[in-house]
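Engineer: Provided below for reference: sequence and predicted model.
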Amino acid sequence: MTAEHYLKILPLLVAFGGVLAIVPLLVFLERKICALIQDRMGPNRVGLFGPDSPLEVLGIKTGEKRFLGGLLQPLADAIKLFSKEDIIPPHVEKYLFEFAPLFALLPPFLAFAVIPLGAPISLDGGKSVPVVIADLGVGLLWILSVASLSAYGVALGGWASNNKYALLGGIRATAQMISYEVGMGLVLLSVVMHYQSISLVNIVNTQVNGGVGGWGIFYQPLAFLLFVICAFAENNRLPFDMPECEAELVGGYHTEYSSMKFGMFFQGEYIAMLAMGALLATLFLGGWHFPKYHWVRENLGQLVALALSLISLGAKTMAFVIFSMWVRWTLPRFRYDQLMGLGWKVIIPLALLNIVVTAALNIR
Amino acid sequence: MAGGHGHEAHAAVSSSASAIPVGAFLAPGDPELTWVEKLYLPEIAKGMANTFSHLFKKTFTIDYDGTQRDDPRKFHVPSAGYRGEHYLKKDEQGQVKCVACFMCAAACPAECIHIEATAVPPECSDRERMPARFEIDMLRCIYCGMCEEACPVDAIALGPTYNMVSGTREAKVYDRDKLLQSGEELGLSLSKHQYRPDGIPGHVPEPKAH
């Protein structure tokens, strides 16, 4: 195996391993942030240290003081989800019912395939290899098409459940995703006009060459704002979580799901958040770029630069995820017609306006 | 989006059933939104700032089964009138104070107290009967405290024990010895009626001469 082969495996490990490892922590983080915003404590029992520690089963003394409590809560949740009875109600469309969670889980994973994860590595032959799973020339199109696929998971889950609430949730999800995909596509059009490329590797390289001042957010602030709103709608997060909408639809499309199939929908939501955050960072916040990148690369070596760039992208992604949790516990849910009104009557005209302005500014 | 008042909105609803105009749910007299408020974003920022400030506020929840017994926010200390699990009291000779009069069993709305009476040993001259069997089914008990109020000799009381977990149903049926023992453990076996006859919590009345 040459160094180039290893460079093919590295982004795979980072993307899939990192995402799978971080999703349970996100669930914990969401519960904790929710609790703190509501002046509660949140999960604080299941930890490694302190009186309730599972280590005590093995006879290890863990002390009187509880420390980092709740950090093992995701593990406990996972054990619970796996050990619960997996109910398949008799009235469901069995095969689609089984496949729908898979459709919810896979597309957000696929989005990571084209996102450049770290600084490129120069090999001995002078060849520079970007740290990305697939260096597609049409990366942005790939993301858009994969993002549309995730509507299938929700719609199929709702339809296969053969339950009116689940079906309503699925229909809402489909309508919402299609509406906001139009807006998002138009927003991304102006972004593409700015970067003159739809390859995410090229987009990041353009921003890196411009330094921190070259980040997309400084050239496309309106597109950034609109993209964030569309991202919330695409991810079905509050204030746009119409498909779930506990107050009206029981649980929406996952009403009939139990055990780990429910867990897969749940995980899919968080992975979609991560993917959206990584895409947001790539388009508007310089991707893996961090201040003083060129200095670090020349003075400390390219491996240090690679490590720092991985951390940089991770931090930007997490910032978006934490921001969306913060929004979730702040804003109430939109009414359905307001949601559609916002999508068609506000976001799309503004995105079109943004395209016109970008086009006018780009005339040379 | 055209802004409309409540009374104008009704006409619009009847003309097209599908579109609900902005302001249709405003009551007459509600202030109209200014254009800054209609932008939503400044208001959202205000709300976000509000929730952000809550991240650092002290929590209302008490970590009640915590670890530090001296810190009331880490370890729940029940108030004076708390109605937790029962205990039975003893007299100065160390014998069960209960005279098996069945008043508590009669007063109990959940019918969870079961008593079997027996004659007292001859050296005990101030009463006639004592309980041979005294059982409280804690799973049926509703912790109303009626037994404590009904007791004429102040023999049963509800203690401060709130941590009432057990692995089996049988373990939650407390017999006489268990009830006496929990009184000992709480150090309340010889205590007087603490907060009732006059209804003031925490007030210790003067002992009355019989």
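Structural biologist: Arrived safely, thanks for sending. Numbers count the residues shown, from 1 in each chain, chains lettered A, B, ... in the order given.

Engineer: From here on, just use CA atoms for contacts and neighbour counts.
Structural biologist: Noted.

Engineer: Which stretches in the chain count as strands?
Structural biologist: With no chain named, the answer covers chain A. Assigned by DSSP state E, the strands in chain A fall at A:118-122, A:128-131.

Engineer: my bad, the chain I had in mind was chain B
Structural biologist: All strands of chain B, identified by DSSP E, fall at B:86-88, B:113-119, B:129-137, B:156-158, B:173-174.

Engineer: ok now the second one, how far from the chain's centre?
Structural biologist: Computed by Cα atoms, centre = their mean, to the nearest Å, the separation of strand B:113-119 from the middle of its chain amounts to 29 Å.

Engineer: Which residues outside it are in contact with it?
Structural biologist: B:100, B:102, B:104-105, B:128-137 (Cα atoms under 8 Å, 6 or more residues apart in numbering or on different chains).

Engineer: Quick check: which of the strands of chain A is nearest to A:Leu300?
Structural biologist: Closest approach to A:Leu300 among the strands of chain A is made by strand A:118-122 (13.4 Å; Cα to Cα).

Engineer: Just want to check the distance between the nearest residue in space to A:Tyr336 that is not next to it in sequence and chain B.
Structural biologist: Closest residue in space to A:Tyr336, ignoring its immediate chain neighbours: A:Met242 at 7.0 Å, by Cα to Cα, 6 or more residues apart in numbering or on different chains. As defined by Cα to the nearest Cα, to the nearest Å, A:Met242 lies at a distance of 18 Å from chain B.

Engineer: and the gap between A:Met242 and A:Met264?
Structural biologist: Distance of A:Met242 to A:Met264, computed by Cα to Cα, to the nearest Å: 19 Å.

Engineer: Between these two, tell me which one has more neighbours.
Structural biologist: Taking neighbours as other Cα atoms under 10 Å in any protein chain shown, A:Met242 and A:Met264 compare with A:Met242 leading, 26 against 21.

Engineer: which residues touch residue 165?
Structural biologist: Going with chain A. A:158, A:249-253, A:255.

Engineer: Could you do A:Ala151 as well?
Structural biologist: A:104, A:173-174, A:177.

Engineer: Could you do B:Cys108 as well?
Structural biologist: B:146-147.

Engineer: In chain B, which residue sits nearest chain A?
Structural biologist: For chain B and chain A, the shortest gap (Cα to the nearest Cα) falls at B:Thr59, measuring 4.4 Å.

Engineer: Now do A:Asn162, the pLDDT please.
Structural biologist: On pLDDT, A:Asn162 comes in at 85.

Engineer: Phi first, then psi, for the residue of the stretch 1-150 of chain A at minimum distance from chain B.
Structural biologist: As assessed by Cα to the nearest Cα, chain B sits closest to A:Asp39 within the stretch 1-150 of chain A, at 4.4 Å. Torsion angles at A:Asp39 (phi, psi; degrees, to the nearest 10) stand at phi 60, psi 30.

Engineer: One more: the one 5 residues further on?
Structural biologist: As for A:Asn44, its main-chain torsions (degrees, to the nearest 10) stand at phi -140, psi 20.

Engineer: I'd say it and A:Pro74 touch.
Structural biologist: No. Counting by Cα atoms under 8 Å, A:Pro74 is not a contact partner of A:Asn44; they are 11.6 Å apart.

Engineer: So between the two, which is more surrounded?
Structural biologist: Here A:Asn44 and A:Pro74 are compared on neighbour count by other Cα under 10 Å; more neighbours surround A:Pro74, at 19 against 16.

Engineer: How much space separates the more buried one from A:Ser83?
Structural biologist: For A:Pro74 relative to A:Ser83 (Cα to Cα), the value is 14 Å.

Engineer: Run through the stretch 51-200 of chain A and note the low-pLDDT ranges.
Structural biologist: A:51-52, A:62-67 (pLDDT under 70).

Engineer: Identify each of the helices in chain B and give its residue range.
Structural biologist: For chain B, the helices defined by DSSP state H occupy B:6-15, B:35-38, B:41-54, B:103-107, B:146-150, B:176-186.
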